[in-house]
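# Give me a model of this one.
(one chain, ligands or ions: 1)
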Amino acid sequence: LPEQEAFDIEYWLLEEAKLQRMPKPKALAGRVALVTGGAGGIGAATAERFLKDGACVVLADIDEAALLQTADDLTARHGKDVVRKVQMNVTSEEQVIAAYADAAVEFGGIDILVSNAGIASSAPVEETSLALWNKNMDILSTGYFLVSREAFRLFRTQDIGGSVIFIASKNGLAASPNASAYCTAKAAEIHLARCLALEGAEAGIRVNVVNPDAVLRGSRIWEGEWLDQRASTYRTDKEGLEEMYRQRSMLKRAVLPDDIAEGAYFFASDLSAKSTGNILNVDAGNVQAFTR
Ligand code: NAD
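Numbers count the residues shown, from 1 in each chain. Below you'll find the model as predicted:
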C-alpha cells in the first residue's frame, strides 16, 4: 500500500477501536414507562429490566404494601430520580385517569405502557358464578382497556408515538381446562391489542402482546387460589405442575419473570420499531407443542 493509504487505514482502525470502547447509549434512555401490576412478579421484573436500560418507571398497583416494598428496592438499586409509584385499581376509571395525570406530571410524560396487572381465578364452567366471570372480565379485559385508552389519549397529545405492551397469556390463544373465564378474558386482551395496533399505527403508537406460559417462580398468582385450582385440575402439587409445564414445552425449560421482561423490553425499545399488532409467546415452545 502507498504510505499515505496505510496511514489512513491505521488511523481509522484506531478511531473505530476508540468508538468500541465508548459506553453505548442506553436503549430506553429518556423514556418513561408506566407498569401496571408493577409491585411484583412479571411487572417488577419488567420495571427492573427497563431501569437497567435507562428508562424512568412508574409502578402502578392496587397493593399498597407490595408497591412500597418494590419501589424501595428498585430505588435502592437505580436511584430515587427514576422510580415513582402510584396506587390504583385498574378497574376504576377515576383512579386510572388520576394515575396518568400524576405520572405525567412526575416525569413530564409517558412513552411506554406495560399493561400487566392481573389475577388468575377460574373454575369449571358449571361452577363459575357470574361474580367470578365478571371479576376476570373487569380486571383483565376492562382493566386493559382503561389503561390503554388513557395511554392513547396521552400519546396523542404528546404527538411522539408510543409503545403499549400487553402481558396477556398463552391461555388467551389456547384453551386450558377449568379456566374458561380467565382464558376468555385473556383472549379479549389479545384482540383488543390487535384493534388498538390498527388505530394507533398512523400516530406511531405501537401495540404488541407478550404471552407468558405458566411462570410459577416469582409470581404471587401461584401462591393463592390459582395454585389450588391448577393443582386439583391436574391432580398434582406446585412442583408437579412446574415439571408438567416444563415437560410440555419444546425446550423443556421453565419460564421465569425475567424471560417475560425481555419480551416486554423488545417491544418497548426501537428493536421492534417495525412491529405492531404482534404476539410474542414466551413459553419455551409450549403453545405450538400443545396445539399440535
Ligand atoms: P403477580 O400476582 O405476581 O402480579 C400481579 C400484580 O397485579 C400484583 O402486584 C397485583 O397486586 C396487581 N393487581 C391485581 N389486581 C389489580 C388491580 N385490580 N389493579 C391494579 N393492580 C392489580 O402475578 P404475575 O404472574 O406477575 O402476573 C402478571 C400478569 O401476567 C397478569 O396479567 C397475569 O394474568 C399474566 N400471566 C401470568 C402467568 C403466570 O403463570 N404467572 C401466566 C400467563 C399470564
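# going forward, measure contacts between C-alpha atoms and count neighbours the same way
OK.
# ranges for the strands of the stretch 101-250 of the chain?
In the stretch 101-250 of the chain, the strands defined using DSSP state E, counting those that start in this stretch lie at 112-115, 162-167, 205-212.
# how about those in JSON lines, adding mean pLDDT, mean neighbour count and distance to the ligand?
Putting the strands of the stretch 101-250 of the chain into JSON lines (pLDDT from 0 to 100; neighbours: other C-alpha atoms under 10 Å; distance: least, C-alpha to the nearest ligand atom, whole Å) gives the following:
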{"stretch": "strand 112-115", "mean pLDDT": "98", "mean neighbour count": "28", "distance to the ligand": "8"}
{"stretch": "strand 162-167", "mean pLDDT": "98", "mean neighbour count": "27", "distance to the ligand": "5"}
{"stretch": "strand 205-212", "mean pLDDT": "98", "mean neighbour count": "27", "distance to the ligand": "4"}
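# With distance to Glu5 added, can I get those strands in a markdown table?
Formatted as a markdown table, the strands of the stretch 101-250 of the chain follow (distance: least, C-alpha to C-alpha, whole Å):
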| stretch | distance to Glu5 |
| --- | --- |
| strand 112-115 | 48 |
| strand 162-167 | 47 |
| strand 205-212 | 47 |
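# Now do the contacts for Lys52.
His78 (C-alpha atoms under 8 Å, 6 or more residues apart in numbering).
# likewise the one 4 residues further on?
Each residue near Cys56 by C-alpha under 8 Å, 6+ apart is listed here: Gly30, Arg31, Val32, Ala33, Phe50, Asp81, Val82, Val83, Phe107.
# Give me the buried subset of the residues you listed.
Neighbour-count burial (16 or more other C-alpha atoms under 10 Å) is assigned, among the contacts of Cys56, to Arg31, Val32, Ala33, Phe50, Val82, Val83, Phe107.
# where in this structure is pLDDT low?
1, 290-292 (pLDDT under 70).
# Mind checking which of the buried ones among the contacts of Cys56 are in strands?
Members of these lying in strands (criterion: DSSP state E): Val32, Ala33, Val83.
# is it true that the last one touches Ala60?
No. With contact taken as C-alpha atoms under 8 Å, Val83 and Ala60 are classed as non-touching, separated by 11.1 Å.
# Need phi/psi at Val57.
The phi and psi torsions at Val57 (degrees, to the nearest 10) take the values phi -130, psi 140.
# Contact partners for it?
By C-alpha under 8 Å, 6+ apart, the contact list for Val57 reads Val32, Ala33, Leu34, Val35, Ala47, Phe50, Leu51, Val82, Val83, Arg84.
# measure the last one to the ligand for me?
This means Arg84. Arg84 is 15 Å from the ligand, where distance means C-alpha to the nearest ligand atom, to the nearest Å.
# For that residue, which non-adjacent residue is closest in space?
Val58 (4.7 Å; C-alpha to C-alpha, 6 or more residues apart in numbering).
# didn't the one you found look like it was pressed against Val83?
Yes. With contact defined as C-alpha under 8 Å, Val58 reaches Val83; the gap is 6.0 Å.
# in stretch 268-284, what's buried?
So, applying 16+ other C-alpha under 10 Å, buried residues of stretch 268-284: Ala268, Ser269, Thr276, Gly277, Asn278, Ile279, Leu280, Asn281, Val282, Asp283, Ala284.
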